[in-house]
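Student: Make a model of this:
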Amino acid sequence: MPEPEAAAEIASERPAKPKKLTPAGKPQTFSARLAKRWRAWLRSLHRDIGYIAVGFTMIYAMSGIAMNHIDDWDPNFNATEITKKIAPLTDEMSDADATARVIAAIGVTSKVTDVFRAGDEVRLAFATGEKATAIADSVTVQYRRDRFFFRVADWLHATRGKQVWKYISDVYAVLLIYLAISGIFMIKGKLGLRWRGTILIVAGLVAPIGYIIGSGGPGAQKTERTTTKPGEVEAPGEAPDRPTAKGPDRPVPVMLGAPKAKPAAPDAKNGDDGITALPPDDEPGAKPADGKPAAAPAKPDAPAAKKSDDGITPLPPDDDK
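Tutor: As a prediction, the model looks like this:
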């Protein structure tokens, strides 16, 4: 085995790596090397970023497929329902005994979070998601088990409330943009943009653009709604048809019990000189327009009677007939 000094001598005797020269015999500049080697560097960076994006792509792609079909299945949980026979529950049993009998029959060991008892009916809810409904001598149990991968992937896919993961997913989105753009320029010639690449890019754009044109876009899509919960605000474009104009086919709604509006008094007519005439004074004994006699004017109040010195109050004089 050579000594360190001998090894250094052998290394020093090796010829130096020749520098790349131009046809004129001058060393190549960095810009010249970049113009010649940029496609190779692009492919190398594309390859390394592709390795990094494998895990992210699997999570977002599979969770996206699961969420697209959420109306057909529950991607987060696997639910099953089983009905069993148990010893009959009676009204005389205490709540604790009825609950214990149901738990012993179904075999769920997790913590009970909710109990409802009404006669021979018992309903239980457990911390792990199971629910049990027992009536008389039968019990129905709804088991719920997590779909571990899909539940975690769906949780990561929706970034609401996860500040740190939101920025991590932004970085992944930027990496996807680089992969898409760099893939366009990785190969030159007929297999690149000159022929095959252009055709495939156009084919990838036809699907989304064609669907937008065929469906009419987001403004033309309507969601059918049959009922509206009290206090719920209807989204724009989803309000049911309601009568908006008066007509023989559109009755105007009337509020029952509402007081009837009094007819408005006729407006006083102005004279030729622009002065509004005052209404005539009520004459004594005149009858109003409705034919009923006018009310008699009220008599002035009699002066208060004064007491005499002996404390006896004299009677008022009789009215003249």
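
Student: What segments of the protein are strands?
Tutor: Applying DSSP state E to the chain gives strands spanning 77-85, 112-118, 121-126, 131-135, 138-146.

Student: need the ones you listed in JSON lines with mean neighbour count, distance to residue 54 and mean pLDDT, can you?
Tutor: Heads up, the C-betas are built off the backbone N, CA and C, glycines and all. Shown next, in JSON lines, are the strands of the chain (neighbours: other CB atoms under 10 Å; distance: least, CB to CB, whole Å; pLDDT from 0 to 100):
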{"stretch": "strand 77-85", "mean neighbour count": "11", "distance to residue 54": "27", "mean pLDDT": "86"}
{"stretch": "strand 112-118", "mean neighbour count": "12", "distance to residue 54": "40", "mean pLDDT": "90"}
{"stretch": "strand 121-126", "mean neighbour count": "18", "distance to residue 54": "38", "mean pLDDT": "91"}
{"stretch": "strand 131-135", "mean neighbour count": "19", "distance to residue 54": "39", "mean pLDDT": "91"}
{"stretch": "strand 138-146", "mean neighbour count": "16", "distance to residue 54": "24", "mean pLDDT": "87"}
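
Student: export these to JSON lines and tack on distance to residue 194?
Tutor: Converted to JSON lines, the strands of the chain look like this (distance: least, CB to CB, whole Å):
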{"stretch": "strand 77-85", "distance to residue 194": "51"}
{"stretch": "strand 112-118", "distance to residue 194": "66"}
{"stretch": "strand 121-126", "distance to residue 194": "65"}
{"stretch": "strand 131-135", "distance to residue 194": "63"}
{"stretch": "strand 138-146", "distance to residue 194": "51"}
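
Student: Which one, of those, ends up nearest to residue 211?
Tutor: The minimum distance between residue 211 and those falls on strand 77-85, with 31.4 Å, by CB to CB.

Student: tell me the contacts of residue 95?
Tutor: Listed by CB atoms under 8 Å, 6 or more residues apart in numbering, the contact set of residue 95 reads 115, 117.

Student: how close does it get to residue 168?
Tutor: According to CB to CB, to the nearest Å, residue 95 and residue 168 sit 49 Å apart.

Student: which stretches of the protein have low pLDDT?
Tutor: Scanning the chain for pLDDT under 70 picks out 1-30, 32-35, 221-321.

Student: can you give me the helices in it?
Tutor: For the chain, applying DSSP state H gives helices covering 4-13, 30-68, 95-106, 148-157, 163-184, 196-215.

Student: Determine which of those helices approaches residue 139 most closely.
Tutor: Of all the helices of the chain, it is helix 95-106 that lies closest to residue 139, at 5.8 Å by CB to CB.

Student: what comes up buried for the closest one?
Tutor: 98-99, 101-103, 105-106 (16 or more other CB atoms under 10 Å).

Student: Specify which member of those residues is nearest to residue 213.
Tutor: residue 106 (55.1 Å).

Student: so the closest residue in space to that closest one that isn't next to it in sequence bridges to which residues?
Tutor: Excluding its sequence neighbours, the residue lying closest to residue 106 (CB to CB, 6 or more residues apart in numbering) is residue 141, at 4.8 Å. In this entry, residue 141 is beta-bridged to residue 82, residue 132, by DSSP bridges.

Student: Residue 141 reaches residue 108, doesn't it?
Tutor: Yes - look at residue 141 against residue 108 with CB atoms under 8 Å: they come within range, at 7.4 Å.

Student: Now the common contact residues for those two.
Tutor: Common contact partners of residue 141 and residue 108 (CB under 8 Å, 6+ apart): 130, 132.

Student: Over to residue 111: give its phi and psi.
Tutor: The phi/psi pair for residue 111 (degrees, to the nearest 10) reads phi -70, psi 140.
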